[in-house]
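In: what follows is a predicted structure for the sequence shown.
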Amino acid sequence: ALRLSYLRSGGHNPAILDQLLHLQLEATVLEKGTAGLRRGRQMGTLAVPTEPPGTGTHGLDAALLAVELENRRLEDELLALKVRRERRADAGSRAAQRHTEELARLQAEVGMLRCHAEQTRPWLPPAVFPHPIAPPLPP
């Protein structure tokens, strides 16, 4: 929960994510250890493994735990990437909205300036050009 909260609030520091993953691993190991002790106490004795030592189940449990932790780390990394992508998309859409608003404001200003220029422009009759003096040259 702590790691997810960190990621959702924008955290993406790999060192902190590794520390959180390590803490989760320790908590998982402690939970499994205390669960075994609880089971043994309920039976009246300490829990003793039913399999003889050297069968490799401890190694398999450790490998499984390592795979689970790696999967969680990758899921966290994916979540961090999604959060960053959403933030970039939000920032991009906000920037596009600001640009659209600025463009609309500038277009309105240009329209007002055109209107003002037409109102203040002196109305002169169209220029009358004198007729040419010499006839045009043959081609």
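Out: Thanks, I have it. Numbers count the residues shown, from 1 in each chain.
In: for the chain, what's the longest helix?
Out: Counting residues, the longest helix found in the chain (DSSP state H) is helix 57-120.
In: tell me the centre residue of this protein?
Out: The centroid of the chain falls nearest to Arg84 when counting by Cα atoms, centre = their mean (1.7 Å).
In: isn't that residue up against Arg8?
Out: No - using Cβ atoms under 8 Å, Arg84 makes no contact with Arg8, being 11.7 Å away. Every residue, glycine included, has its C-beta placed from N, CA and C.
In: which residues does the residue nearest to the centre of the chain contact?
Out: With contacts defined as Cβ atoms under 8 Å, 6 or more residues apart in numbering, Arg84 is in contact with His12.
In: let the chain start at 526 from now.
Out: With the count now opening at 526, the last piece we talked about shows up as Arg609.
In: separation between the nearest residue to Leu548 once chain neighbours are set aside and His624?
Out: Nearest residue to Leu548, sequence neighbours excluded (Cβ to Cβ, 6 or more residues apart in numbering): Leu527, at 7.8 Å. Leu527 sits 39 Å away from His624, going by Cβ to Cβ, to the nearest Å.
In: and for Ser534?
Out: Counting by Cβ to Cβ, the gap from Ser534 to His624 is 29 Å.
In: what do you get for Ser618?
Out: 11 Å.
In: check Leu548 too.
Out: On the measure of Cβ to Cβ, Leu548 and His624 end up 44 Å apart.
In: ok, now Ala540?
Out: Applying Cβ to Cβ to Ala540 and His624 gives a distance of 37 Å.
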